[in-house]
Every structure is written in C-alpha cells, then in structure tokens.
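**Student:** Sequence first, predicted model second:
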Amino acid sequence: MEELLELAIKRIDKLEKKLEKYFHILEVKNELDFILNGGYVFKEDIDTILSGNYSFLDEEASESAMPN
C-alpha cells in the first residue's frame, strides 16, 4: 500500500512539473507579449479563415509566379 502511495506521489509531482512548464509557455504577461508570441489574429484574418478563403503567403506567391 505504501508503494502505491509513493508511486502516486511521484506521478503527481511529474504532472505538476508538466503543468508548470505548459503554463509558462501559455502565459501572457500583456498584450504586446501576446502579439510577439504570435497569438494575435486580426479580425479580417478570422473572417477570411471562417469563409474558407484563407491561404498562406507562400501559396499566394507561388500562384502569382505561375504562368496562366
């Protein structure tokens, strides 16, 4: 019984460490931090994505370079 308790405590400790690591990755200190970490999406981009017309810049560049 004591071994199971020790194993459970070790697993909980590992999970706590993982949660702390993920929290630091996801933590947003302010709006500038959010933007610099790539988390900001403009309303126009969201509308384009939802309409199904979004394409990556590389795709647009390669399409414009292709002859008609």
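**Tutor:** In hand now; what should we look at? Numbering: from 1, shown residues only.

**Student:** Where in the protein is the helix or strand with the lowest mean pLDDT?
**Tutor:** Here the helix or strand of the chain ranked lowest by mean pLDDT, DSSP states H and E is helix 57-65, holding a mean of 53.

**Student:** Next, the contact list for Tyr40, please.
**Tutor:** Residues near Tyr40 by Cβ atoms under 8 Å, 6 or more residues apart in numbering: Glu31, Phe34. C-beta: built from backbone N, CA, C; applies to glycine.

**Student:** Distance of it relative to Val28?
**Tutor:** Counting by Cβ to Cβ, to the nearest Å, the gap from Tyr40 to Val28 is 10 Å.

**Student:** same question, Arg11
**Tutor:** Applying Cβ to Cβ to Arg11 and Val28 gives a distance of 29 Å.

**Student:** Equivalent analysis for Met1, please.
**Tutor:** 43 Å.

**Student:** between the two, which one's more packed in?
**Tutor:** The neighbour comparison of Met1 against Val28 (other Cβ atoms under 10 Å) goes to Val28, with 11 against 5.

**Student:** Tell me the pLDDT of the closest residue to the more buried one other than its chain neighbours.
**Tutor:** Spatial nearest neighbour of Val28, excluding adjacent residues (Cβ to Cβ, 6 or more residues apart in numbering): Phe34 at 4.6 Å. What the model reports for Phe34 is a pLDDT of 72.

**Student:** All good on my end, thank you.
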